[in-house]
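A.B. asks: Build me a model:
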Amino acid sequence: MKLSINIKYILITAVAVVSSFFFHELAHLVAGELLGYPMKMTLNSTFLAEGEYANPWHQQLVSAAGPIFTIVISFVFFYIIRKTNNTYLYPFLFFGFYMRFMAMIISIIHPNDEARISAWLGLGYWILPLLVCFTLLFLIIKISKEQKYTIKFNLINYLLTSVFVAGVVLTDQYIFK
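C.D. replies: Predicted structure coming up:
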């Protein structure tokens with residue numbers, strides 16, 4: 001498939017961003033509900049509807065559910081792209097890395113999923129976020145080399161993804177809260 005950014009690719013990128021946010025947060029919600037907690041969810045957050053977690057490991061399990069889902073989906077799309085050479089699926093892989101990288105950056109101010117878990121395990125705030133980001137970056141680099149995705153193509157993906165992430169975050173901030 002020829003590398004090109006067309007309207008179809010842009011729309012698929014939008015779908016990748018919105019659906020990835022949704023299912024990442026849904027994984028948190030399902031984990032919390034399975035543990036017996038009433039949960040609430042928006043496009044960019046999941047939280048207890050009331051009360052506190054009965055056990056610290058419950059909070060860590062709920063925190064882990066979203067990133068685990070994102071990592072698994074990233075590997076799934078990595079292997080599908082390898083088998084099919086379908087460039088239109090790349091935004092789903094790319095966004096997995098983008099999402100976890102931005103979560104790591106945000107952890108400088110407010111510890112995010114992996115940072116909270118890493119600190120709870122006594123590893124400091126950065127070990128798990130760095131492991132996750134380097135793993136997902138490895139998938140991006142490997143598939144980019146195999147599929148001959150250029151730096152320019154990846155930069156365009158970064159810009160498109162950034163625009164759609166801004167849309168999700170602003171929508172979540174002003175409409176769902």
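A.B. asks: Can you give me the buried ones in stretch 15-23?
C.D. replies: With burial defined by 16 or more other CB atoms under 10 Å, the residues of stretch 15-23 counted as buried are 16, 17, 18, 20, 21. Any C-beta I mention is one placed from the backbone N, CA and C, and that applies to glycine too.
A.B. asks: residues contacting residue 173?
C.D. replies: Residues near residue 173 by CB atoms under 8 Å, 6 or more residues apart in numbering: residue 44.
A.B. asks: sec struct for it, please.
C.D. replies: At residue 173, secondary structure determined by DSSP: H, G, I helix; E, B strand; the rest coil is helix.
A.B. asks: just the buried residues of stretch 15-23 now: which is nearest residue 99?
C.D. replies: residue 20 (6.3 Å; CB to CB).
A.B. asks: still on that earlier bit, could you export the buried residues of stretch 15-23 as CSV, including pLDDT, secondary structure and distance to residue 56?
C.D. replies: Formatted as CSV, the buried residues of stretch 15-23 follow (pLDDT from 0 to 100; DSSP: H, G, I helix; E, B strand; the rest coil; distance: CB to CB, whole Å):
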residue, pLDDT, secondary structure, distance to residue 56
16, 98, helix, 34
17, 98, helix, 32
18, 97, helix, 32
20, 97, helix, 28
21, 96, helix, 26
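A.B. asks: ranges for the strands of the protein?
C.D. replies: 39-41, 46-48 (DSSP state E).
A.B. asks: just to revisit the earlier point, closest one of the buried residues of stretch 15-23 to residue 153?
C.D. replies: Of the buried residues of stretch 15-23, the one sitting nearest to residue 153 (CB to CB) turns out to be residue 16, at 15.0 Å.
A.B. asks: any idea how far that closest one lies from residue 160?
C.D. replies: Counting by CB to CB, to the nearest Å, the gap from residue 16 to residue 160 is 9 Å.
A.B. asks: which regions of the chain sit below the pLDDT cut-off?
C.D. replies: Residues of the chain meeting the criterion pLDDT under 70: 1-3, 176-177.
A.B. asks: In it, what residue spans correspond to helices?
C.D. replies: Under the criterion DSSP state H, the chain contains helices at 7-34, 56-84, 90-106, 113-120, 127-147, 151-174.
A.B. asks: Please identify the buried residues of the third one?
C.D. replies: The neighbour-count check on helix 90-106 (16+ other CB under 10 Å) flags 90-104 as buried.
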